[in-house]
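# Curious how this folds, go ahead:
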Amino acid sequence: MIGSFPQPIPGETFESLVARLSRRITASGAILQGRYYQGASAEGRFSPEMLVANLAVPDWLPLRRLLEENTPLPVVRPFLDQEDCERITKQLTVAERSSTITRSLSRSPRFCPECRTTELEGLAEVGWQVLHQFRWFWRCQAHRIPLWQMPLARKAVATEIDTGCRNRADLEVLKAIERDTKWLIGARVPPLGRLRWREFHRNELTKRFGVRPPFTSRDLFPLAHRIRPRAREWLQLSMISHLDNWLLTTVRHQHGTTDPLLHLATLRICGVRVHEAVRRLTAAGPAPAHVTPEP
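Below you'll find the predicted structure:
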């Protein structure tokens with residue numbers, strides 16, 4: 001039996017919500033066994049007479065809201081084809097991991113100290129925010145302070161995240177990408193198709209820099225380095241493709257790419273905000289369910 005369903009913390013991960021629910025189940029069981037004084041528990045939030053008060057709440061956690069607010073799907077979805085999106089959504093709903101999503105996340109969970117203080121004061125519980133878990137995030141958008149990272153090793157100590165940036169230009173790259181990511185979280189953008197994004201980037205590179213097909217490495221390499229070496233290292237862009245020319249992956253790969261970071265970084269180079277790119281792509285009409293890559 002469950003004392004009460006935990007109130008979802010806006011933007012927390014689904015795993016975080018499940019963990020808090022699990023703690024309540026454990027505490028409720030302890031109450032029933034008489035291990036706590038009547039009307040209180042270790043968290044001070046349970047009472048025996050309310051053990052079943054909230055068990056029948058059909059809209060407590062609707063699947064659609066869960067996917068939009070408690071998973072990274074909203075950030076990844078705009079860069080998927082319709083078929084890919086349906087497959088990944090199905091994976092999430094049957095508790096299967098999606099490599100398309102997990103590769104966008106940091107290996108160790110991250111948190112904002114100020115967010116935790118606020119949650120403890122309001123709910124007596126804390127959660128893990130979806131937005132904080134993307135591998136390119138280093139600060140909390142709400143409090144404008146660096147995030148902390150909790151290594152998964154036993155007895156590990158949390159450490160503050162270092163951006164690796166040593167000048168304002170590098171830092172502005174990260175800030176712009178983070179702002180675009182935050183916008184995607186709440187915008188509910190539909191799948192627009194990998195190859196449509198690739199074509200958009202090609203057109204912008206031609207319009208802004210005069211670079212034209214076949215988009216050779218010699219043309220793109222200097223543009224890729226507009227995101228400076230230390231920032232590239234922190235963003236892990238150097239791990240994407242050979243010789244650090246990650247821009248080739250975005251505009252040359254025959255299947256396109258579903259990595260949100262590559263798209264957001266390319267938009268940053270072209271001076272286009274993601275909401276403007278989405279508006280233009282959406283105005284061009286819905287993406288086809290399946291796109292055949294170029295031969």
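# only C-alpha atoms for contact and neighbour calcs from this point on.
Noted.
# Which residue ranges of the protein form helices?
14-32, 63-69, 73-76, 82-93, 99-102, 113-123, 168-187, 194-209, 217-224, 229-235, 246-251, 260-270, 274-283 (DSSP state H).
# Looking at those, which is nearest to residue 135?
Nearest of the helices of the chain to residue 135, taken as Cα to Cα: helix 229-235 at 7.4 Å.
# how distant is that closest one from the center of its chain?
The chain centroid and the centroid of helix 229-235 are separated by 19 Å under Cα atoms, centre = their mean, to the nearest Å.
# Now do the buried residues in it.
229, 231, 232, 233, 234, 235 (16 or more other Cα atoms under 10 Å).
# JSON lines for these, including pLDDT and distance to residue 69?
Conversion of the buried residues of helix 229-235 to JSON lines gives the following (pLDDT from 0 to 100; distance: Cα to Cα, whole Å):
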{"residue": "229", "pLDDT": "78", "distance to residue 69": "34"}
{"residue": "231", "pLDDT": "81", "distance to residue 69": "29"}
{"residue": "232", "pLDDT": "81", "distance to residue 69": "29"}
{"residue": "233", "pLDDT": "78", "distance to residue 69": "30"}
{"residue": "234", "pLDDT": "78", "distance to residue 69": "27"}
{"residue": "235", "pLDDT": "79", "distance to residue 69": "24"}
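# Now flag whichever of those is closest to residue 83.
Distance ranking of these against residue 83, using Cα to Cα, places residue 235 first at 28.2 Å.
# is it true that the closest one touches residue 136?
Yes. Using Cα atoms under 8 Å, residue 235 is in contact with residue 136, at 5.4 Å.
# what bits of the chain have low per-residue confidence?
Applying pLDDT under 70 to the chain flags residues 1-5, 27-61, 238-244, 286-295.
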